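In: give me a 3D structure for the following:
(one chain, ligands or ions: 1)
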Amino acid sequence: MKKNNWFEKDAAYIWHPYSPLKQFSEVIPIVSGHGATLTTANNQTIIDAIASWWTNLHGHAHPYIATKLYEQALKLEHVIFAGFTHEPAATLSERLIEQVALQQHKVFFSDNGSTAVEVAVKMALQYWYNKDIQKRTIIAFEDAYHGDTFGAMSVSARSLFTKPFDTHLFDVKFISRPMGNGRSIDELKHILTQPGVEDIAAFIYEPLVQGTAGMLMYDKEEMNELLQLINERNILLIADEVFTGFYRTGTMLASHQLRIAPDLICLSKGLTGGFMPLGVTLCNARMAEAYEQVDRSKSFFHGHSYTGNPLACTVANASLDLLLMPETQESILRINKQHRIFQTQLDSYAYAKDPRICGTIAAVDFAPDAQKQHYLNAWRDVIYEFFLQRNVLLRPLGATIYIVPPYCITMEQLEKVHNVIFEWFEWNEHS
Ligand code: PMP
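Out: Here you go, the predicted model:
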């Protein structure tokens, strides 16, 4: 049957991510975006307080990025990246190496956060293969989330997301995240004294904050100690900065706040300022050296049709231009300052547990009872709707309410986001 409008076409044909096929609530049709706001087909303006899945840095439909994209589209939209190259990718690579520093040496392009992780895991495993050294085991953090493809799922926690596939995922050794009680160090030391330690190839970690696990923030000193111990054992370090990159934690990378530099770094999300899908995996000279071989069978045989897409590289360059402007850097500091005031104010609410801040990220758990909260928590949908009715997009992780705003969010808009969260806690305490 012919559909009358595009909402009906959506309902008839589209399978949305992370959503049950039998929709419990309607998807919201969005017709435009401007700054930190989205406008619905009903002309409702919503503050995007989670930066559209943590991607948006400078606001929706930013005219500077849009213009650069248009100009590039008229010049070159795409070209095969094996055996060919173009200026936007070369310029972006040089700028990323400069900004990231940490002795990174080469940039490998892919399409999103999961593929950036896949590339890093494959590069690390093949590093040992190319050196004719047998090492296959990977260490990761409990509750880790690194993406939805098979390699990325394997190095992530076994969870609701992975359950149907668990028997197909490769084995990983999991340790606790560093919480300042020394547990993660004890668990690591235990692994390092067990038979099979010589088989450990790499450690993958989200530095400073575990995003999807519930915006869980680490003890920096314990994280440093952990990285040092691993580094001393000649185990490769893979920093998954897909979420934490591009000043999300207050510095260009979260790794800049830690003492040990990784061998491989995964970036995506904020890389294009939220405009287009793009992922990169950066590696240091040690890693690249294992691939600088005359023997072609030791090449890294990985690539996607759209690897290094010129349009995506162009918007990434434009986003970097904006990110490095003093106004943006000031906004990042201002957001952190506003969050800190919000954090102290949350102390007066009985159900607000463990308010926490890292750079531009703010999170608090809604804890009306002692029950352990999880992703399919019954509160989640209630909280989500409560905020949407007040024109704020916040998408709780279980009962964890968090804010990851675009850096262009105004002081007033962020105040409104903080206020609706206070309202949620007040409403619950008095009902
Ligand atoms: N790594 C981390 C730390 C992430 O937070 C995510 C996405 N939330 C991914 C990897 C996967 O990225 P993508 O959704 O772009 O595949």
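
In: near the ligand, which residues of this structure show up?
Out: 112-114, 117, 145-147, 206, 211-212, 240, 242-243, 268 (C-beta under 6 Å from any ligand atom). Where C-beta positions appear, they are placed from N, C-alpha and C, glycine not excepted.

In: and those residues, which of them are in strands?
Out: D240 (DSSP state E).

In: quick one: which of the residues of the chain next to the ligand has the most company?
Out: With neighbours taken as other C-beta atoms under 10 Å, the top of the residues of the chain next to the ligand is D240, carrying 33 neighbours.

In: so who does it touch?
Out: 113, 116-117, 120, 146, 204-207, 266 (C-beta atoms under 8 Å, 6 or more residues apart in numbering).

In: a markdown table for these, including pLDDT and distance to E289?
Out: Below are these laid out as a markdown table (pLDDT from 0 to 100; distance: C-beta to C-beta, whole Å):
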| residue | pLDDT | distance to E289 |
| --- | --- | --- |
| G113 | 98 | 26 |
| A116 | 98 | 21 |
| V117 | 98 | 22 |
| A120 | 98 | 17 |
| H146 | 98 | 25 |
| I204 | 99 | 21 |
| Y205 | 98 | 23 |
| E206 | 98 | 27 |
| P207 | 97 | 24 |
| C266 | 99 | 20 |
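
In: want to throw these into TSV with distance to I30?
Out: Shown next, in TSV, are the contacts of D240 (distance: C-beta to C-beta, whole Å):
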residue	distance to I30
G113	22
A116	27
V117	28
A120	33
H146	28
I204	34
Y205	34
E206	29
P207	32
C266	28
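
In: from the residues you listed, which single one is nearest the ligand?
Out: Nearest to the ligand among those is G113, at 2.1 Å by C-beta to the nearest ligand atom.

In: the closest one against S268, yeah?
Out: Yes. Applying C-beta atoms under 8 Å as the test, G113 and S268 come out as touching, 3.9 Å apart.

In: now stretch 28-36: buried residues?
Out: 33, 35-36 (16 or more other C-beta atoms under 10 Å).

In: give me the contact list for that stretch.
Out: By C-beta under 8 Å, 6+ apart, stretch 28-36 touches 6-7, 10, 38-41, 46-49, 59-61, 388, 405-406, 408-410, 413.

In: and M123, that's in a helix?
Out: Yes. M123 sits within a helix when classified using DSSP: H, G, I helix; E, B strand; the rest coil.

In: what's the nearest residue to L125 if we skip its chain neighbours?
Out: Excluding the flanking residues, the one nearest L125 by C-beta to C-beta, 6 or more residues apart in numbering is A201, at 5.8 Å.

In: cool, R380 as well?
Out: Nearest non-adjacent residue to R380 (C-beta to C-beta, 6+ apart): P396, at 5.3 Å.

In: before we move on, what about V242?
Out: G113 is the one closest to V242 (C-beta to C-beta, 6+ apart), at 3.7 Å.

In: next one: the one you found from G35, what distance?
Out: According to C-beta to C-beta, to the nearest Å, G113 stands 25 Å off from G35.

In: ok, back up a step: among the contacts of D240, which are located in helices?
Out: 113, 116-117, 120 (DSSP state H).

In: strands of the stretch 1-150 of the chain, start to end?
Out: 30-34, 37-40, 45-48, 104-110, 137-141 (DSSP state E, counting those that start in this stretch).

In: just name the most buried of those strands.
Out: strand 137-141 (a mean of 23; mean count of other C-beta atoms under 10 Å).

In: give me the mean pLDDT for that one.
Out: Averaging pLDDT along strand 137-141 yields 98.

In: tell me the centre residue of this structure?
Out: F243 (2.1 Å; C-alpha atoms, centre = their mean).

In: could you report the neighbour count for K131?
Out: Neighbour tally, K131, other C-beta under 10 Å: 12.

In: give the contact list for it.
Out: Contacts for K131 (C-beta under 8 Å, 6+ apart) come out as A290.

In: and stretch 396-411, end to end?
Out: One end of stretch 396-411 sits 22 Å from the other (C-alpha to C-alpha, to the nearest Å).

In: just how off-centre is that stretch within its chain?
Out: The chain centre lies 14 Å from the centre of stretch 396-411; the measure is C-alpha atoms, centre = their mean, to the nearest Å.

In: what's the answer for stretch 383-398, then?
Out: On C-alpha atoms, centre = their mean, the centre of stretch 383-398 falls 20 Å from that of its chain.

In: now do stretch 222-231
Out: 22 Å.

In: next one: stretch 169-185
Out: How far stretch 169-185 lies from its chain's middle: 20 Å, per C-alpha atoms, centre = their mean.

In: for it, list every residue counted as buried.
Out: Buried residues in stretch 169-185, counted by 16+ other C-beta under 10 Å: 169, 172-178, 184-185.

In: ok, now how distant is K22 from W15?
Out: 11 Å.

In: R390 too?
Out: 29 Å.

In: between the two, who's got more neighbours?
Out: R390 (17 against 6).
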